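> let me see the structure of the following:
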Amino acid sequence: MALVNHCSQQPFVQARRTCGPSGVPLPCRRQVPQLACIHNFNRHRHIEPVCSSAGGSSSKSRANTAIVGASSSGSAVTKTASRPPMTVTPLYNGKKAVVVGAGPAGSTVAMYLARQGFTVDVYERRPEPKSDAVDTGRAYIIILNPRGQGALEELGVLLPKSGEHITKGTVRHPKNGKLGISREEGNVTFSRSGLAQYLINQARSFYPDQVKFHFSCTCQSVDVASQQITFGVAESSSGNGSCSTVQEHYDLLIGADGINSVVRSALQQHYQDMTVVIGDSGREYKTYQGMRGDIEPEEFKVNPGATLHLWTSDDPWTTFTAHSNPDGTYSGTLSLKTGGFAELTTQQQYEQLIRNKFAGVPDDWVPAIAQQVVNEKPSSAGKRIRCSRLDGPSILLLGDAAHAVTPVFGQGANSALESCEVLGSVLQQAGGQLDKVPQRFTAARLADMHALNELDAKAYSFFRRRGLLDPDFLQLLSHVVLGTILSKIVPFLYGNKPALLKLGSNIRYSTVIAAVRRDSLLAAAGFAAFALWASYKLAVLLAG
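This is a model prediction of the structure:
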């Protein structure tokens, strides 16, 4: 699903090395752009000014490597120069890691593991993205902000910095037809399949002897006690749908296998007290592709780049998006409240919905889109997952398997890549003692992932539209309003912006939720004090 971020460019700043709750340093971020703002808050974020770490890589070691991936239209991603991964001392030579899932998180964690000396086998149930018609046909995008970019930069992965991958901005099309334009240069846009293929190619290029990918392999079972995992491998040449099985022994197992994670289920069976709470966004969507038209504002017509168009309506659950593709077409989504599509059964009903709800959708798009989506099965617009732990014996969970969120803040892929980066630090800090890694990873990451889950859930107060009667809405509003005031009055104490408006930077999610709670309490106390003062003044006036 298209992510809804409204961002603008800010100066390049340094980022500091911070520590997790267990004292594990998070990797130093080098120069990354200070960006963006978030859904429903048309403000800017910043990255806290910081010092660099002594462990940074040198630009002198850069080499050119051609990387080719799949774009949203299935074409090749523009070749880009990449540098070798940052040099570290391998501490786990001879160890075997198995990664389940070859999405962006799976390929990224494979590189972090290989950098530390592991041999890594990555298993994915789907075909390779460039060969998967279903995957390349998905009409939603991933926007990498500095949080996600920093995790890849730590490995030496350079993302495309020109052309269709550079995010130019977002164009809002409200019901009244008055356009709103937000520039967000500095973010990098991929289709989901394009990013997955790009990182697969990076892993193969950097670690050809250590990282191996196996596609069309379904995880069947995990034997936690014996550290064995079994995969079913489709026999494509047989033509009869048969499959064989492959069994792997692992020293470390990474579950990056998505919302319906088999690895997570194995952990739940192993730990009877492990809890997994799955929440739904309450929205579902259908996708369309291949539209052409002149919908860009004059501001975005000068240079090539990726744009996202968001149509809103009088119903907060009902939205329409269009994002530009490298071939000049537009793809996008039609989103409704869960169950809404069940009421639409004909092409004419879809046409009527689009015309009535969204101002400015090109006339020739409407029947073509209606024809594409009328018989399409709707997909969930995202789920959020909260696990009570992220580890087991020689097992770790990350990405959607561990901490899925909805697209509302654009943090899903970015937080998953950051989790890979945190694991890289934990591996280094453990000093080769692999048995200490799983619990240390949970200690370093769990609080932040629970905080992100809470922030994601609170954001849906904007869809519910209960206003000040909604405690989640009141908390977020109090934080943003009070934080903005305090940042102007006492920036040396408060900082220059509310924490919620810095989500695209390397600020910790637990810091953000703590700031939201604190500011809402301060606002409530201030309001109560004002009410008491007003009551006293009124009593004095009446008594006089």
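> what helix or strand does residue 366 sit in?
helix 365-373 (DSSP states H and E).
> for that helix, buried residues please.
365-366, 368-370, 372-373 (16 or more other Cβ atoms under 10 Å). (Glycine included, C-beta is placed from N, CA and C.)
> please apply the same query to stretch 515-532.
515-516, 519-520, 523.
> same question for stretch 178-189.
Across stretch 178-189, burial judged by 16+ other Cβ under 10 Å covers 181-182, 184-189.
> repeat for stretch 190-206
Neighbour-count burial for stretch 190-206 [16+ other Cβ under 10 Å]: 190-203, 205-206.
> which of those residues fall within strands?
Applying DSSP state E to those, the entries found in strands are 190-191.
> the buried residues of stretch 190-206 in helices, which ones?
Using DSSP state H, 192-203, 205-206 are the members of those that sit in helices.
> now the helix or strand containing residue 147: average pLDDT?
Using DSSP H and E, the element containing residue 147 is helix 146-153. Mean pLDDT, helix 146-153: 94.
> ok, now stretch 131-143?
Mean predicted confidence for stretch 131-143 is 69.
> what does residue 271 show for phi and psi?
phi -110, psi 100 (degrees, to the nearest 10).
> hang on, the earlier thing: tell me what the helix holding residue 147 is packed against?
Other elements packing on helix 146-153 under the criterion 3 or more Cβ pairs under 8 Å, 6 or more residues apart in numbering; DSSP states H and E are strand 32-37, helix 412-430.
> pull the helix or strand following that helix out as CSV, backbone CA atoms only.
Once helix 146-153 ends, the next helix or strand along the chain (criterion: DSSP H and E) is strand 167-173. Output in CSV follows, covering the C-alpha atoms of strand 167-173 (Å, rounded to 0.1, in the frame of the first residue of the first chain):
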residue,chain,number,x,y,z
THR,A,167,11.2,11.1,-3.8
LYS,A,168,10.2,14.5,-5.0
GLY,A,169,7.2,14.9,-2.8
THR,A,170,3.5,14.3,-2.1
VAL,A,171,0.5,16.0,-3.8
ARG,A,172,-2.6,16.1,-1.7
HIS,A,173,-6.0,16.2,-3.5
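> quick one: contacts of strand 167-173?
4-8, 143, 179-189, 295-297, 299-300, 303, 305-312, 358-361 (Cβ atoms under 8 Å, 6 or more residues apart in numbering).
> can you give me the helices in the protein?
Per DSSP H, the chain carries helices over the ranges 104-115, 133-136, 146-153, 192-206, 262-270, 347-357, 365-373, 400-403, 412-430, 437-459, 461-464, 471-489, 491-494, 509-543.
> flag whichever of the ones you listed has the least confidence on average.
Looking at the helices of the chain, the bottom one is helix 133-136 with a mean of 60.
> does residue 117 touch residue 90 like I think?
Yes - assessed by Cβ atoms under 8 Å, residue 117 is found in contact with residue 90 at 3.2 Å.
> residue 280: what's it in contact with?
Residue 280 touches 338, 380, 383-384, counting by Cβ under 8 Å, 6+ apart.
> whichever of those residues end up buried, select them in ChimeraX.
Selecting just the buried residues from the contacts of residue 280 in ChimeraX takes one command, with 16+ other Cβ under 10 Å as the test:
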select :384
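> quick check: the gap between residue 328 and residue 292.
Between residue 328 and residue 292 the computed distance is 7 Å (Cβ to Cβ, to the nearest Å).
> neighbour count winner among the two?
Neighbour count, other Cβ atoms under 10 Å: between residue 328 and residue 292, residue 292 has more, with 14 against 10.
> identify the residue spatially nearest to the more buried one, adjacent ones excluded.
residue 329 (5.6 Å; Cβ to Cβ, 6 or more residues apart in numbering).
> pretty sure the one you found contacts residue 289?
Yes - assessed by Cβ under 8 Å, residue 329 is found in contact with residue 289 at 7.0 Å.
> now do the same for the residue nearest to residue 292: its pLDDT.
Here the pLDDT value assigned to residue 329 is 91.
> number of residues surrounding it?
Around residue 329 there are 15 residues (other Cβ under 10 Å).
> OK, contacts around it?
By Cβ under 8 Å, 6+ apart, the neighbours of residue 329 are 73, 289-292.
> ok, these vs residue 251, which is closest?
Ranked by distance to residue 251 (Cβ to Cβ), the contacts of residue 329 are led by residue 73 at 40.1 Å.
> of the buried residues of stretch 190-206, closest to residue 491?
residue 190 (35.4 Å).
> does that closest one touch residue 148 like I think?
No - here residue 190 does not reach residue 148: they are 10.3 Å apart, not a contact under Cβ under 8 Å.
> roughly how far does residue 254 sit from residue 215?
Residue 254 is 17 Å from residue 215, by Cβ to Cβ.
> hmm, I typed the wrong one, I wanted residue 520.
From residue 520 to residue 215 the distance is 47 Å (Cβ to Cβ).
> swap in residue 363?
42 Å.
> in CSV: the helices of the chain, plus distance to residue 174.
Listed next are the helices of the chain as CSV, based on distance: least, Cβ to Cβ, whole Å:
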stretch, distance to residue 174
helix 104-115, 32
helix 133-136, 32
helix 146-153, 28
helix 192-206, 27
helix 262-270, 40
helix 347-357, 11
helix 365-373, 18
helix 400-403, 31
helix 412-430, 26
helix 437-459, 19
helix 461-464, 15
helix 471-489, 20
helix 491-494, 32
helix 509-543, 27
